[in-house]
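Colleague: output the structure for:
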Amino acid sequence: MPDPTSLLDFQITLAAWRRVPRLRVRLQQAAQVALDHLPKKLRLPVTATVLLSGNAKIRQLNHDFRGLDQATNVLSFPQFSPAALPRLAKNMGVVELGDIALAYQYVAAEAKKDGRLLIDHITHLVIHGFLHLFGYDHLCNQDAEHMEKLETKIMKALDLPDPYAPQPKKAKNAR
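Modeller: Numbering: from 1, shown residues only. Sure, this is the predicted structure:
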């Protein structure tokens, strides 16, 4: 049974993740703030597993579960439908929502390309994955807009930048 004081259980299979300072603390905090921003009926005792791995593992998962033979930044694997969560929480106490998986190389390259701090980008992706476990999605424009607004609100509550705001371009000759 997961630790009820912890929203996230970490499985680290790539050493590079261990070099990100205060990663677990930051992601636990982000999950709690995300949970606090959900509708009241979904603010339940929950936990999720976060797999911190590399491109090869995420590519395999993406291929096996989505039929896409490529790495990606984050994958989410919900265990239950959002409608079932309140009943499950009543019966089980702490509900194991499902899994979130991140690929270090992919995430680090994205952060660098977009001029974002790695820890902030990782935080955003875990929030994004966590929301997927509660049924949020971005398959249509309306759902995407709703999910992005919620992600932005959660990031703001953490005093972190808007993940969807364009980053200023650096001048080529700037020092």
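Colleague: now the lowest-mean-pLDDT helix or strand in the chain: buried residues?
Modeller: Taking mean pLDDT, DSSP states H and E as the measure, the helix or strand of the chain with the lowest value is helix 85-92, at a mean of 88. Using 16 or more other Cβ atoms under 10 Å as the test for burial, helix 85-92 gives L85, L88, A89. The way it works is simple: take the backbone N, C-alpha and C, and place the C-beta from them, glycine included.
Colleague: so which of those residues comes closest to Q167?
Modeller: In terms of Cβ to Cβ, no member of those lies closer to Q167 than L85, at 35.5 Å.
Colleague: so what's that closest one up against?
Modeller: Under the criterion of Cβ atoms under 8 Å, 6 or more residues apart in numbering, the neighbours of L85 are L42, L44, V46, V95, L97, F134.
Colleague: any idea how far stretch 78-87 is from the chain center?
Modeller: Its chain's C-alpha centre and that of stretch 78-87 lie 18 Å apart, by Cα atoms, centre = their mean, to the nearest Å.
Colleague: buried residues, that stretch. List them.
Modeller: With burial defined by 16+ other Cβ under 10 Å, the residues of stretch 78-87 counted as buried are P78, F80, P82, L85.
Colleague: number of nearby residues for the nearest residue to the third one once chain neighbours are set aside?
Modeller: The reference is to P82. With Cβ to Cβ, 6 or more residues apart in numbering as the measure, G135 is the residue that lies nearest to P82, at 3.5 Å, once sequence neighbours are left out. The criterion is other Cβ atoms under 10 Å. On that basis, G135 has 13 neighbouring residues.
Colleague: measure G135 to K153 for me?
Modeller: Counting by Cβ to Cβ, to the nearest Å, the gap from G135 to K153 is 17 Å.
Colleague: over to N91?
Modeller: Using Cβ to Cβ, which is the criterion applied here, N91 is 31 Å from K153.
Colleague: can you check F80 too?
Modeller: In terms of Cβ to Cβ, F80 sits 24 Å off from K153.
Colleague: same question for P39.
Modeller: When distances are taken as Cβ to Cβ, P39 and K153 turn out to be 13 Å apart.
Colleague: contacting residues for the residue most central in space within the chain?
Modeller: The centroid of the chain falls nearest to V126 when counting by Cα atoms, centre = their mean (1.6 Å). Each residue near V126 by Cβ under 8 Å, 6+ apart is listed here: L8, L27, A30, A31, V50, V74, I100, L102.
Colleague: and the pLDDT for the residue nearest to P82?
Modeller: According to the per-residue confidence, G135 scores 94 in pLDDT.
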